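[1] Here's my sequence, what's the structure:
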Amino acid sequence: MVPVPAHPWKYFRRGFNLPALIASRLSRRSGLPFDPLALSRTRERIPQARLPGSLRHENVEGAFRVPRRRKVPSTILLLDDVYTSGATAEACARALKCAGADSIVVVTVARTVS
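    Next up, the predicted model:
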């Protein structure tokens with residue numbers, strides 16, 4: 001299980017990363033391994049909630065990476081709190097696939113309706 005890394009401002013305001021908390025609890029209950037550091041943000045971006053859908057993919061392009069020398073399993077369960085346009089999940093999956101993952105399953109707690 002890999003949580004989507006929190007935007008730095010969200011983490012600063014909240015003091016926690018909700019996807020990481022959820023993934024940690026699911027990991028304990030399911031026995032699936034949990035790796036909160038498998039993904040990191042490459043730089044700060046505008047929070048997705050502030051952007052219209054048409055700009056969200058562009059905003060997170062290249063925003064995530066797998067740290068150097070980190071091995072990723074072939075199958076990953078990517079966990080996020082809210083799925084809106086799919087841009088964040090897609091950018092995270094792209095980074096994980098570039099690092100060697102074959103299959104990524106995206107799990108979210110909530111889905112927004114446009």
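
[2] Okay, strands next: where are they in the chain?
    2-3, 40-41, 64-65, 75-83, 103-111 (DSSP state E).

[3] burial of the closest residue to residue 110 other than its chain neighbours, as a residue count?
    Of all residues not flanking residue 110 in the chain, residue 82 sits nearest, at 4.8 Å (CB to CB, 6 or more residues apart in numbering). (Glycine included, C-beta is placed from N, CA and C.) Neighbour count for residue 82, taken as other CB atoms under 10 Å: 15.

[4] Could I get the contacting residues of residue 82?
    Listed by CB atoms under 8 Å, 6 or more residues apart in numbering, the contact set of residue 82 reads 108-112.

[5] Most neighbours among these, please name it.
    residue 108 (19 neighbours).

[6] List the buried residues of the one helix or strand in the chain whose mean pLDDT sits lowest.
    None of the helices or strands of the chain scores lower by mean pLDDT, DSSP states H and E than helix 53-60, at a mean of 77. Under the neighbour-count criterion of 16 or more other CB atoms under 10 Å, helix 53-60 has 56-57, 59-60 buried.

[7] low pLDDT regions in this protein?
    Along the chain, segments meeting pLDDT under 70 span 44, 46-47, 49, 114.

[8] where do the helices sit along it?
    Assigned by DSSP state H, the helices in the chain fall at 8-14, 18-30, 53-60, 87-98.
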